[in-house]
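**Student:** give me coordinates for this.
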Amino acid sequence: MNKQKKTKKRGRIGTGRKFRTAPHVRAKVIARKIAGESYREIAAAEKISKNTVTRIMGSQEAAFLLQGFRDRVLGIVPLALKGLEKLVRRLDRQAIIETLYGTRVLMQRYEVQKVQDEPERTYDYTRAEFFGKFGRLPLNSELEEFEKTLNIEPITKAGLIEP
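**Tutor:** Residues are numbered from 1 along each chain as shown. So this is what the prediction gives:
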């Protein structure tokens, strides 16, 4: 007779398993997550396991609350932009400067991005070809001379695009 193993259904997201965690604790967990705390921090503060936090955050209840929060925040953005527009029209110097910094039109001196130098040549392909041909790793001086003997077509952006 074939014995089939009985598999236990574990508390996965969407299984409909009821929570043993009190509703006020679930609400605190969701609020802490909205405030930006990590699952580990929430679990320690609420004295529950990290898996419980994961289950709570994966529940429909949490999804509805998070979506409501996002909707409220996104509803404020147009009002904030209108208020900012009024300040800029009044030539509010602070509003103008903060807007320009926020949009990265203006930058602090220490924020100026350094232009990356040309990447350093590694000769990895040449080294592999040399090893394949001679069975040993080349000296650095040998790499440049050996590379001149290879027929390597340069890669261009146009060559990467397929018709």
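
**Student:** quick one: name whatever helix or strand follows the longest helix along the chain.
**Tutor:** With secondary structure taken from DSSP state H, the chain has its longest helix at helix 60-89. Counting by DSSP states H and E, the next helix or strand C-terminal to helix 60-89 is helix 93-102.

**Student:** buried set for that next one?
**Tutor:** Ala95, Thr99 (16 or more other CB atoms under 10 Å). Quick note: C-beta positions are derived from backbone N, CA and C, even for glycine.

**Student:** what about the helix or strand following it, average pLDDT?
**Tutor:** Counting by DSSP H and E, the next helix or strand C-terminal to helix 93-102 is helix 124-134. If you average the pLDDT over helix 124-134, you get 84.

**Student:** and the helix or strand following helix 124-134, what other elements does it pack with?
**Tutor:** For helix 124-134, the following helix or strand on the C-terminal side (DSSP H and E) is helix 140-149. For helix 140-149, the packing partners by 3 or more CB pairs under 8 Å, 6 or more residues apart in numbering; DSSP states H and E come out as helix 124-134.

**Student:** report the buried residues of the longest helix of the chain.
**Tutor:** Across helix 60-89, burial judged by 16+ other CB under 10 Å covers Ala62, Leu65, Leu84, Leu87.

**Student:** list just the nearest of the residues you listed to Arg127.
**Tutor:** Ala62 (52.8 Å; CB to CB).

**Student:** contacts only, for the closest one.
**Tutor:** Residues in contact with Ala62 (CB atoms under 8 Å, 6 or more residues apart in numbering) are Arg26, Val29, Ile30, Lys33, Ile56.

**Student:** helix 60-89 and the helix or strand where the first one lies, what's the angle between them?
**Tutor:** The one in question is Arg26. Taking DSSP H and E as the definition, Arg26 sits inside helix 23-34. Inter-element angle recorded for helix 23-34 and helix 60-89: 40 degrees (by axes from the mean of the first three to the mean of the last three CA atoms, to 10 degrees).

**Student:** packing partners for the helix or strand that helix 23-34 is followed by?
**Tutor:** As assigned by DSSP H and E, the chain's next helix or strand after helix 23-34 is helix 39-46. Helix 39-46 is packed against helix 23-34, helix 50-57, with contacts defined by 3+ CB pairs under 8 Å, 6+ apart.

**Student:** which other helices and strands does the longest one contact?
**Tutor:** Which is helix 23-34. helix 39-46, helix 50-57, helix 60-89.
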